[in-house]
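Undergrad: Structure for the following, please:
(chains A and B)
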Amino acid sequence: ILNVEQSPQSLHVQEGDSTNFTCSFPSSNFYALHWYRWETAKSPEALFVMTLNGDEKKKGRISATLNTKEGYSYLYIKGSQPEDSATYLCAFISGNTGKLIFGQGTTLQVKP
Amino acid sequence: KAGVTQTPRYLIKTRGQQVTLSCSPISGHRSVSWYQQTPGQGLQFLFEYFSETQRNKGNFPGRFSGRQFSNSRSEMNVSTLELGDSALYLCASRGATYNEQFFGPGTRLTVL
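TA: Residues are numbered from 1 along each chain as shown, chains lettered A, B, ... in the order given. The predicted model follows:
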């Protein structure tokens, strides 16, 4: 059974704080790792699609790194803003399929 | 380009009934995946359809079934509903970038 773990489960930070989350996944049969952002009452939206060991991707204040050999990815948010409040999901794909194995997510609350 | 659409958005059924949910993918996308989200369980993969064929199936009982039509629209059916089937059901169509998923708004099913 493939397991994807995310930590922490939830996080409360003040506006301006920087934060990071962890996603652990199986290190074998790796195809891709996705990060999604899911705001309340909206659809999950893809942040990053990561495929190569050592990948680093950035979108504005959010960045992510990937280590496929040890099976983890980090998501960083620099200078959190209230609009960053959402659940951040990572999803592991072990082959060229549409079957994503999601972690439980990290729920971020940014207080003004 | 229109996004993924799902109908209905909300549904209330009673135990023992059956339900059919519909999903229209982004134009040109041929793969549709279905996910179930329940509190505490995260997003669980149900199945994936590609060109009218089921390609992958998650660990759900046979009461959960689906199909895909020639225009790529997909339906998911749940028979003999149980209270535990109350959940948000999301469908996603697959893009070309390492299987990036584009999610619909979901159907919130409540079983009484």
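Undergrad: Run through the residues of chain A sitting next to chain B.
TA: Within reach of chain B by CB under 8 Å from any CB of the partner chain, chain A has these residues: A:31-32, A:34, A:36, A:42-46, A:49, A:51, A:89, A:91, A:93, A:96-105. For the C-beta atoms, the positions are set from N, CA and C on the backbone; glycine is no exception.
Undergrad: Buried subset of those as a PyMOL selection?
TA: Buried residues within these, by 16 or more other CB atoms under 10 Å in any protein chain shown, are selected in PyMOL with:
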select buried, chain A and resi 32+34+36+43+44+46+49+89+91+93+97+98+99+100+101+102+103+104+105
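Undergrad: Among the residues of chain A next to chain B, name the ones in strands.
TA: Taking DSSP state E, the ones among these that sit in strands are A:32, A:34, A:36, A:45-46, A:49, A:89, A:91, A:93, A:101-102.
Undergrad: right, is stretch B:5-23 up against chain A?
TA: No. Stretch B:5-23 is not in contact with chain A by CB under 8 Å from any CB; minimum separation 9.3 Å.
Undergrad: Let me see the residues that make contact with that stretch.
TA: Contact with stretch B:5-23 is made by B:4, B:24, B:32, B:34, B:73-83, B:89-91, B:104-112, as judged by CB atoms under 8 Å, 6 or more residues apart in numbering or on different chains.
Undergrad: Any idea how far apart the tips of it sit?
TA: Distance between the two ends of stretch B:5-23: 6 Å, counting by CA to CA, to the nearest Å.
Undergrad: I'd guess residue A:79 is in a strand, am I close?
TA: No. The assignment for residue A:79, made by DSSP: H, G, I helix; E, B strand; the rest coil, is coil rather than a strand.
Undergrad: so how far is residue A:13 from it?
TA: 10 Å (CB to CB, to the nearest Å).
Undergrad: Relative to chain A, how far out is residue B:31?
TA: Using CB to the nearest CB, to the nearest Å, residue B:31 is found at 5 Å from chain A.
Undergrad: Nearest spatial neighbour of residue 55, chain-adjacent residues omitted?
TA: If you meant another chain, say so; for now it's chain A. residue A:66 (4.2 Å; CB to CB, 6 or more residues apart in numbering or on different chains).
Undergrad: hm, I was asking about chain B
TA: residue B:48 (4.9 Å).
Undergrad: Send over the host helix or strand of the one you found as CSV, restricted to the C-alpha atoms.
TA: For residue B:48, the enclosing helix or strand under DSSP states H and E is strand B:42-50. Provided in CSV are the C-alpha atoms of strand B:42-50 (Å, rounded to 0.1, in the frame of the first residue of the first chain):
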residue,chain,number,x,y,z
GLY,B,42,-8.3,13.0,2.7
LEU,B,43,-8.8,12.6,-1.1
GLN,B,44,-9.1,8.9,-2.0
PHE,B,45,-8.8,7.8,-5.6
LEU,B,46,-11.9,6.0,-6.9
PHE,B,47,-11.1,5.3,-10.6
GLU,B,48,-9.8,6.7,-13.8
TYR,B,49,-11.3,6.5,-17.3
PHE,B,50,-9.4,7.1,-20.5
